[in-house]
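Trainee: Give me the fold of what follows.
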Amino acid sequence: MDRRDITVALASGTVLSLISTSILYFYLTRQRSAPPAPLSPSSRAGRGQCIVEGVDGLIGNTPLMKIKSLSEATGCTILGKAEFLNPGGSAKDRVALNMVRSAEASGRLQAHTGSTIFEGTVGSTGISIATIARARGYEAWIVMPDDQAKEKYQLLEKLGAHVEKVRPVSIIDKNQFVNLAKRRAQEMNAATSKESNGSSPNKAGYFADQFENEANFDAHYTTTAPELYEQTQGKIDALVLGAGTGGTLSGLACYLKPLIPQMRLFLADPLGSGLYNKVKYNTMYSPTEKEGTRKRHQVDTVVEGIGINRLTRNFDLGREHVDDAYRVTDDEAVRMSRFLVREDGLFLGSSSAVNCVAAVRVAKQLGPGHVIVTLLNDSGQRHLTKFWSDDYLEEHGIRHDLAPEETLDDIVR
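Mentor: Just a heads-up that it's a prediction; the model follows:
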């Protein structure tokens, strides 16, 4: 090789090095400012395609199913993400796992030290926490209103959780279930500190705080939302779901909206919740109460798991992305659940039924040909004594009958 060849080779190598360095710099800086890249089809193994590590490995990567009856009746493609297939039976498994992992990473929890996870919940998050706690070496102390479906308490007890039932009261009451769970954690930490003479014991009481803990939001931003983007290949015209803590709604919205700017986000809200009016009129108000003064139930509805009368940190993170809201009555939710069993064999819980009612409303508003995604949060198995009990519904004047000739238009008008 002569001197000219060597010079050409060196110059070529320098140019290639500069180009590759520039590409790498652009990629790294873009990654810091953009939403996480959508998952590639090969980046996540499908369910049943690999061996997973314990209960943790069963959480997430849930299927997205076409709900045939709703799609055929509306002319839209209505898709439901089957979160009821998580091992703890609901989407809250994602949240529970991420809250525990975050606490472990920050040093607030250490496994197999006698530490206890405390949470205030209407059921599903408590069941998920009890599942994760048992799998990772913790105790669970769950504080709940005493008016929830009794099978939720039974499930928690079978999972080894301590269940404390309290009277349903407003968040301004110190004995409201969330406030009491926080206090129980503080009491445990004070007692442990006293026993250890002021040293720093590993045993701790950890208040998970699902309503304000951003690990809730992060769980859906980093798992549920990328899964949906991959499953739909980014083709979503509308996303429809209810909100309790607001973590699911905000996590999905903040991830998907930048990637699918034309996607519209609709809130599905049950009776008694103030979020509908907050979205529509920027006033937290329901017809049954004034903001911050409620002394009775959290939400006056047979629906459990969604609806609230205060703004949470998690909901506020994505509130700007909500385009519109629909209010769903108990009659509509109950009859929708019966319709889905009759037509699709889908046995869903109350919040999932609310989501489906709102999804049909959105389909009617947008017209045929659109892709509408909602979440199927849990199954009807933990709602047998309330939402799925004909006796309970009749006692409370909620219509549950569905004649063979009745169609979707008879349920959602």
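Trainee: Please count neighbours and contacts with C-alpha atoms only from this point.
Mentor: OK.
Trainee: For whichever strand or helix holds Asn277, which residues meet the burial criterion?
Mentor: Secondary structure from DSSP states H and E places Asn277 in helix 275-281. Under the neighbour-count criterion of 16 or more other CA atoms under 10 Å, helix 275-281 has Leu275, Tyr276, Asn277, Lys278, Val279 buried.
Trainee: Does Ala325 belong to a helix, a strand or coil?
Mentor: Classification of Ala325 using DSSP: H, G, I helix; E, B strand; the rest coil returns strand.
Trainee: rewinding a little: does anything pack onto the helix holding Asn277? Which helices or strands?
Mentor: Helix 275-281 sits against strand 264-270, strand 324-328, with contacts defined as 3 or more CA pairs under 8 Å, 6 or more residues apart in numbering; DSSP states H and E.
Trainee: contacts for it?
Mentor: 267-269, 283-286, 307-310, 319, 322-327 (CA atoms under 8 Å, 6 or more residues apart in numbering).
Trainee: Drop anything exposed from those residues.
Mentor: When the contacts of helix 275-281 are checked for burial by 16+ other CA under 10 Å, the buried set is 267-269, 284-286, 307-310, 319, 322, 325-327.
Trainee: ok, so of these, who is nearest Ile67?
Mentor: For the buried ones among the contacts of helix 275-281, the closest approach to Ile67 (CA to CA) belongs to Ala268, at 17.6 Å.
Trainee: Just give the closest residue to that closest one, not the sequence neighbours.
Mentor: Distances taken as CA to CA, 6 or more residues apart in numbering put Gly242 closest to Ala268, at 4.4 Å, once the chain neighbours are dropped.
Trainee: Count residues in the vicinity of the one you found, would you?
Mentor: Counted by other CA atoms under 10 Å, the residues lying close to Gly242 total 29.
Trainee: Quick check: it vs Arg310, distance?
Mentor: Counting by CA to CA, to the nearest Å, the gap from Gly242 to Arg310 is 14 Å.
Trainee: ok, now His220?
Mentor: To Arg310, His220 is 21 Å away according to CA to CA.
Trainee: and if you look at Phe339?
Mentor: Separation of Phe339 from Arg310 (CA to CA): 32 Å.
Trainee: Over to Val122?
Mentor: Counting by CA to CA, the gap from Val122 to Arg310 is 16 Å.
Trainee: do the same with Val371
Mentor: In this structure, Val371 and Arg310 are 31 Å apart, going by CA to CA.
Trainee: Helix or strand next in line after the helix holding Asn277, which one?
Mentor: Following helix 275-281 in sequence, per DSSP H and E, is helix 313-318.
Trainee: what's that following helix packed up against?
Mentor: Counting contacts by 3+ CA pairs under 8 Å, 6+ apart, helix 313-318 packs against helix 214-219, helix 247-259.
Trainee: Would you mind giving those as a markdown table with distance to Asp410 and mean neighbour count added?
Mentor: Putting the helices and strands packed on helix 313-318 into a markdown table (distance: least, CA to CA, whole Å; neighbours: other CA atoms under 10 Å) gives the following:
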| stretch | distance to Asp410 | mean neighbour count |
| --- | --- | --- |
| helix 214-219 | 36 | 24 |
| helix 247-259 | 29 | 23 |
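Trainee: Show me the one of those that comes nearest Leu97.
Mentor: Within these, the stretch nearest Leu97 is helix 214-219; the backing value is 8.3 Å (CA to CA).
Trainee: Now do the strands in the stretch 101-250 of the chain.
Mentor: Secondary structure of the stretch 101-250 of the chain by DSSP state E, counting those that start in this stretch: the strands cover 116-120, 139-145, 162-166, 205-207, 238-241.
Trainee: Check the stretch 301-413 of the chain too.
Mentor: With DSSP E, counting those that start in this stretch as the criterion, the stretch 301-413 of the chain has strands at 324-328, 371-376.
Trainee: So, low pLDDT: which residues of the chain?
Mentor: For the chain, applying pLDDT under 70 flags the ranges 1-47, 198-201, 285-299.
Trainee: And the most centrally placed residue in it, how close does it get to Lys92?
Mentor: The centroid of the chain falls nearest to Thr248 when counting by CA atoms, centre = their mean (3.8 Å). For Thr248, the distance to Lys92 (CA to CA) stands at 9 Å.
Trainee: Could you do Val412 as well?
Mentor: According to CA to CA, Val412 and Lys92 sit 28 Å apart.
Trainee: so Thr374 touches Val240, yeah?
Mentor: Yes - contact criterion CA atoms under 8 Å: Thr374 and Val240 qualify, at 5.0 Å.
Trainee: any shared contact partners between the two?
Mentor: Common neighbours of Thr374 and Val240 (CA under 8 Å, 6+ apart) are Asn355, Ala359.
Trainee: which one of the two has more residues nearby?
Mentor: When Thr374 and Val240 are compared for neighbours, Val240 comes out ahead with 28 against 23, by other CA under 10 Å.
Trainee: The more buried one and Asp330: what is the separation?
Mentor: For Val240, the distance to Asp330 (CA to CA) stands at 18 Å.
Trainee: ok, back up a step: centre of the chain versus the helix holding Asn277, how much separation?
Mentor: 20 Å (CA atoms, centre = their mean, to the nearest Å).
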